[in-house]
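>>> Here's my sequence, what's the structure:
(one chain, ligands or ions: 1)
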Amino acid sequence: PLSFDLLFPNFHFKEYMKTKAIRVNKALDDAVPLQKPIKIHDAMRYSLLAGGKRVRPMLCIASCELVGGDESLAIPMACAVEMIHTMSLIHDDLPCMDNDDLRRGKPTNHKVYGEETAVLAGDALLSLAFEHIAAKTSDVSAGRVVKAIAELASAVGSEGLVAGQIVDLTSEGKQVNLNDLEYIHVHKTSKLLEAAVVCGAIIGGGNSSEIVRMRNYARCIGLLFQVVDDILDVTKSSEELGKTAGKDLASDKATYPKLMGLEGAKKFADELVAMAIEELSYFDAVKAAPLYHLANYIAYRQN
Ligand code: GRG
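Model prediction:
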C-alpha cells in the first residue's frame with residue numbers, strides 16, 4: 001500500500017515510535033517507584049522496564065490522537081495496558097504455565113525472584129493497572145474513564161486473555177484446527193491490542209462510529225500480529241538453522257504456516273493489513289498516519 005507513503009513522505013515513523021517509547025518508559029518508571037517492600041517493587045520493575053517494544057501503549061496513544069485527544073490524556077491508560085501485558089508474560093512464563101527461563105533475552109521473573117514473588121508481582125501489576133487509570137487520568141470525564149476501565153477489564157478476564165490461556169493450556173497435545181487456533185490468538189493476543197486501541201479512542205473522546213472503526217482496525221492487526229509471529233518463527237528458525245523447514249513446522253504447536261502453508265499465511269497477513277488500513281480511510285489522513293505505519297510495522301516487522 002503505497003498511497004499513504006506518497007501522501008506523507010515527511011512522516012517519520014521511526015522517530016514517532018522512539019519519541020512515544022521514551023515517554024511511555026518514563027511514565028512506567030515513575031508509576032512503579034522502588035519503594036518498600038523492595039523485593040516486590042524490584043520484581044515488578046524488572047519485567048515492566050525490561051525493554052518490550054511498547055506496541056500496545058503506542059496503539060493506545062495513536063488512537064487517542066486520531067480522534068482528536070492529546071497524548072497526555074492517554075498516557076495512564078497506555079501504561080496500564082503495558083502493566084497488564086507484562087503481568088500476563090510473567091504469569092505465562094511460570095513453571096505451572098509455559099515454564100520458560102528466558103524472556104526478551106533475560107532470565108524470566110521467577111528465575112530471578114522465585115515463583116512466589118513472580119506470582120505476586122503479576123498480581124500487583126494487574127491491580128496497579130486499574131488503580132493507575134482511575135487515579136492518574138486527568139481532564140477526561142468520569143463516564144469515559146469508567147467505560148474504558150470496563151473495556152479493558154473485559155479484555156483481560158475470563159472472556160479475554162484468561163479465556164485464551166485456558167483454552168491454549170487445555171488443547172495442549174490435542175489436534176488444533178484453524179478455528180481453535182483463531183480462538184486462542186483472538187483471546188491471548190488480539191483482545192488486549194483491541195482494548196489498547198478502543199480505550200485510546202474512548203479516552204480521546206471518539207464518537208461511537210469512530211470507536212467501531214477503531215475496533216475493526218484493532219481486530220485485524222491483533223490477528224495480523226499473531227500470523228506474523230508464526231511466520232517469523234518459521235523464517236527465523238530456518239535462517240538460523242540454514243534449513244528449509246523451520247522449528248514450528250516440525251513441532252506439535254499449531255501455527256498459521258502449518259495450517260495454511262507459509263505462502264497462505266503470508267497472503268492472509270497481506271489481507272489483514274489491507275483490511276486494517278481500509279478502516280483508517282474514514283479518518284483524517286494526517287492523523288491516521290501513525291496507525292497506518294503501525295499496521296505496516298506489525299505486518300513487516302523482523303521480530
Ligand atoms: C491476564 C489475569 C491474567 C492472567 C494471565 C498467562 C495469561 C493469563 C495469558 C497469556 C497471555 C500471553 C502470554 C499472550 C501472548 C501475548 C504476546 C503476543 C506476547 C508478545 O508480545 P510482544 O511481541 O512482546 O508485544 P514485547 O516483549 O515486545 O512486549
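
>>> Which stretches in the stretch 201-303 of the chain count as helices?
Assigned by DSSP state H, counting those that start in this stretch, the stretch 201-303 of the chain shows helices spanning 208-241, 247-250, 256-260, 262-280, 285-300.

>>> for the stretch 51-200 of the chain, same thing?
Under DSSP H, counting those that start in this stretch, the stretch 51-200 of the chain gives helices at 55-66, 71-93, 109-113, 115-136, 142-156, 161-170, 178-185, 191-203.

>>> Comparing the ones you listed by mean pLDDT, which bottoms out?
Lowest mean pLDDT within the helices of the stretch 51-200 of the chain: helix 178-185, at a mean of 91.

>>> What parts of the protein come near the ligand?
Counting by CB under 6 Å from any ligand atom, the chain comes close to the ligand at 52-53, 55, 88-89, 91-92, 97, 104, 126, 156, 161-162, 165, 188-189. Every C-beta, even on glycine, is put in place using the N, C-alpha and C of the backbone.

>>> Next, format the helices of the stretch 201-303 of the chain as CSV and append mean neighbour count and mean pLDDT.
CSV is the format used below for those (neighbours: other CB atoms under 10 Å; pLDDT from 0 to 100):
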stretch, mean neighbour count, mean pLDDT
helix 208-241, 19, 90
helix 247-250, 17, 46
helix 256-260, 20, 92
helix 262-280, 18, 95
helix 285-300, 20, 92
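
>>> what's the helix or strand hosting Lys14 packed up against?
Assessed by DSSP states H and E, Lys14 sits inside helix 13-31. In terms of contacts (3 or more CB pairs under 8 Å, 6 or more residues apart in numbering; DSSP states H and E), helix 13-31 is packed against helix 55-66, helix 71-93, helix 115-136, helix 285-300.

>>> ok, the residue in the chain that the ligand sits nearest to - how many residues close by?
Here the chain gets closest to the ligand at one residue, Gly52, 2.7 Å apart by CB to the nearest ligand atom. A count of nearby residues for Gly52, using other CB atoms under 10 Å, gives 20.

>>> In contact with it, which residues?
Listed by CB atoms under 8 Å, 6 or more residues apart in numbering, the contact partners of Gly52 are Glu82, His85, Thr86, Arg104.

>>> and which of these is nearest to Lys287?
Nearest to Lys287 out of those is Glu82 (CB to CB; 22.9 Å).
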